[in-house]
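S.K.: Based on what follows, work out the 3D shape:
(one chain, ligands or ions: 1)
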Amino acid sequence: MSHAVTKILDRVAEGREVSQAEATVLYGAKGADLKAICNVADGLRRKVNGDRVGFVVNRNINFTNICYMGCTFCGFAKRREDEGAEWLTLDTIVERAHEAAARGATEVCIQGGIHPKMPGTYYRDILLAIKAELPDMDIHAFSPFEIWYGAAKTKMSYADFIQDLKECGLGSLPGTAAEILDTEVRKLLTKDKLSTEKWVEIIRAAHGLGVPTTATIMYGHVDGPEHWATHMAQLRDIQKDTGGFTELVPLSFVHYDSPLYTNNPGKVRPGPTVDEVDAMHAVSRIFLHGQIDNIQTSWTKLGPERAQRMLAKGVNDFGGTLMNESISRAAGSEHGQEVTAFEMVQIIRAAGHVPYQRNTRYEVLEEFANHDPARQEPLVERQAEPLDFMTDLPEFLREAV
Ligand code: SF4
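M.R.: This is a model prediction of the structure:
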């Protein structure tokens with residue numbers, strides 16, 4: 001092992017916090033260094049979370065993929081007239097939430113593209129429509145990008161806009177659209193439309209109102225260890241002030257149908273390497289220790305088998321069953337749309353942990369030490385995906401942009 005990594009891990013063993021500069025060293029580790037880092041991360045995971053690994057039964061509802069923001073990494077967005085453009089009516093969204101509830105979901109995760117003609121009030125309409133019929137359903141919805149857009153459209157401050165959504169039934173926000181919190185990298189990924197400062201401001205506003213969020217990082221494109229350390233340092237600083245992050249979810253870049261990759265041959269990496277995936281989860285566990293205690297692996301990005309391996313590298317959560325994963329799929333990921341609760345339990349148990357179902361706030365709903373959840377057929381096998389919602393477009397979306 002290298003002297004530098006040994007020294008840092010010795011300090012971790014003494015209970016000292018890892019600095020941003022030290023995190024840069026750890027994120028770039030390989031070989032014996034990386035193995036030792038993973039072991040330390042696994043030890044911290046065991047100390048904080050015990051043997052239990054959680055998952056949430058939820059459903060993704062992407063109400064539209066029509067978006068004109070032009071993020072270069074995105075394989076999900078469509079123009080209004082594109083084949084495959086989707087728009088779900090409020091009735092369809094509510095119907096999907098009902099189906100999710102019937103399959104045991106406690107959460108719906110709702111995000112959509114950003115259509116320049118969509119009114120900012122549409123977000124509250126979605127919440128009110130679901131809550132009117134399913135008052136107990138946790139609604140985890142709207143990325144900081146959507147909050148930025150909705151607040152601008154309604155001419156409200158971020159705090160007032162989020163407060164209004166909270167009163168309409170919003171439970172928590174996905175901390176997506178963070179990508180990498182570094183101005184230069186963001187310029188390449190999103191043309192810096194939602195700047196680091198604005199992302200942080202929106203997240204802090206949500207936490208200040210008692211609306212928790214997740215934290216994410218999207219890595220493996222034009223970034224590296226230094227950017228990851230900068231990103232994590234900002235997340236840790238926010239958490240020290242607000243305590244509002246429920247978990248970190250590292251999201252590896254899926255390159256297949258991403259313009260960022262296809263339009264820049266040789267300049268953009270095709271997602272993180274195996275070592276980088278290990279380092280991202282393990283070092284983040286160590287760096288955020290004592291601040292963010294839940295590190296989640298993303299089966300949609302890594303596939304269930306690789307995601308399972310992360311349970312030995314600092315991860316204590318397997319995320320959601322999702323039922324309709326479509327963002328990674330649109331970018332070319334082939335890891336399916338759903339991992340059922342039954343499958344979650346088998347995957348977690350096979351890795352030597354005790355599975356439990358939780359809600360969005362990490363409250364334990366049921367532990368599966370000696371029994372299994374009921375088997376379910378994946379939802380997608382009995383439900384066709386919407387192919388043409390153009391005829392259902394509301395008035396405000398019918399005009400050309
Ligand atoms: S990442 Fe989101 S905001 Fe950016 S283009 Fe894709 S759908 Fe639109």
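S.K.: Flag every residue of this protein that's near the ligand.
M.R.: Cys67, Met69, Gly70, Cys71, Cys74, Phe76, Ala77, Gly113, Ile114, Phe145 (C-beta under 6 Å from any ligand atom). C-beta here means a position set from N, CA and C on the backbone, and glycine is covered the same way.
S.K.: Pull the number of nearby residues for the second one.
M.R.: Translated: Met69. Met69 is flanked by 17 other residues according to other C-beta atoms under 10 Å.
S.K.: show me what contacts the closest residue to it other than its chain neighbours?
M.R.: The shortest distance from Met69 to any non-neighbouring residue, by C-beta to C-beta, 6 or more residues apart in numbering, is to Ile114 (5.2 Å). By C-beta atoms under 8 Å, 6 or more residues apart in numbering, the residues touching Ile114 are Cys67, Tyr68, Met69, Phe145, Glu146, Tyr149.
S.K.: one step back: in helices, which of the residues of the chain next to the ligand fall?
M.R.: Members of these lying in helices (criterion: DSSP state H): Phe145.
S.K.: can you redo the residues of the chain next to the ligand as TSV with pLDDT and distance to Val339?
M.R.: Output for the residues of the chain next to the ligand, formatted as TSV (pLDDT from 0 to 100; distance: C-beta to C-beta, whole Å):
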residue	pLDDT	distance to Val339
Cys67	93	26
Met69	92	29
Gly70	91	31
Cys71	93	26
Cys74	92	24
Phe76	89	20
Ala77	93	25
Gly113	95	25
Ile114	93	28
Phe145	96	26
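S.K.: Would you indicate which residues of the helix or strand in which Leu251 is found are buried?
M.R.: Leu251 belongs to strand 245-252 when assigned by DSSP states H and E. For strand 245-252, a neighbour-count test (16 or more other C-beta atoms under 10 Å) marks Phe245, Thr246, Glu247, Leu248, Val249, Pro250, Leu251, Ser252 as buried.
S.K.: Can you tell me what sits against the helix or strand containing Phe318?
M.R.: Under the criterion of DSSP H and E, Phe318 resides in strand 317-320. Here strand 317-320 makes contact (C-beta under 8 Å, 6+ apart) with 53-58, 60, 107, 109, 247, 249, 294-300, 307, 311, 339, 344, 347-348, 358.
S.K.: Can you give the distance of it from its chain's centre?
M.R.: 10 Å (C-alpha atoms, centre = their mean, to the nearest Å).
S.K.: and that strand, what's its mean pLDDT?
M.R.: Averaging pLDDT along strand 317-320 yields 96.
S.K.: Assess the claim that Cys71 and Leu189 are in contact.
M.R.: Yes - the pair Cys71 / Leu189 is scored as a contact, 6.2 Å apart, by C-beta atoms under 8 Å.
S.K.: Would you quantify the distance from Phe63 to the ligand?
M.R.: Phe63 sits 11 Å away from the ligand, going by C-beta to the nearest ligand atom, to the nearest Å.
S.K.: what separates that residue from Ala400, distance-wise?
M.R.: 21 Å (C-beta to C-beta, to the nearest Å).
S.K.: who's more crowded, these two?
M.R.: Neighbour count, other C-beta under 10 Å: between Phe63 and Ala400, Phe63 has more, with 23 against 7.
S.K.: mind listing what that one touches?
M.R.: Phe63 makes contact with Trp87, Leu88, Ile93, Ile110, Gln111, Gly112, Ile126, according to C-beta under 8 Å, 6+ apart.
S.K.: So which of the residues you listed belong to helices?
M.R.: Ile93, Ile126.
S.K.: Pretty sure Ala4 sits against Val25.
M.R.: Yes - with contact defined as C-beta under 8 Å, Ala4 counts as touching Val25 (5.4 Å).
S.K.: Have a look at those two and say which one is more surrounded.
M.R.: When Ala4 and Val25 are compared for neighbours, Val25 comes out ahead with 19 against 13, by other C-beta under 10 Å.
S.K.: got the contact list for the more buried one?
M.R.: When contacts are counted by C-beta under 8 Å, 6+ apart, Val25 touches Ala4, Val5, Ile8, Pro225.
S.K.: hey, C-alpha coordinates of whichever helix or strand comes after the strand holding Leu251 in CSV?
M.R.: Counting by DSSP H and E, the next helix or strand C-terminal to strand 245-252 is helix 259-262. Below are the C-alpha coordinates for helix 259-262, written out as CSV (Å, rounded to 0.1, in the frame of the first residue of the first chain):
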residue,chain,number,x,y,z
PRO,A,259,-25.0,13.2,-27.2
LEU,A,260,-22.1,14.2,-24.9
TYR,A,261,-20.4,10.9,-25.7
THR,A,262,-21.5,10.4,-29.3
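S.K.: pLDDT below threshold where in this protein?
M.R.: For the chain, the stretches with pLDDT under 70 are 326-330, 334, 336, 380-392.
S.K.: Just send the contacts of Phe63 back as JSON lines, with neighbour count too.
M.R.: Listed next are those as JSON lines, based on neighbours: other C-beta atoms under 10 Å:
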{"residue": "Trp87", "neighbour count": "23"}
{"residue": "Leu88", "neighbour count": "21"}
{"residue": "Ile93", "neighbour count": "19"}
{"residue": "Ile110", "neighbour count": "25"}
{"residue": "Gln111", "neighbour count": "21"}
{"residue": "Gly112", "neighbour count": "25"}
{"residue": "Ile126", "neighbour count": "26"}
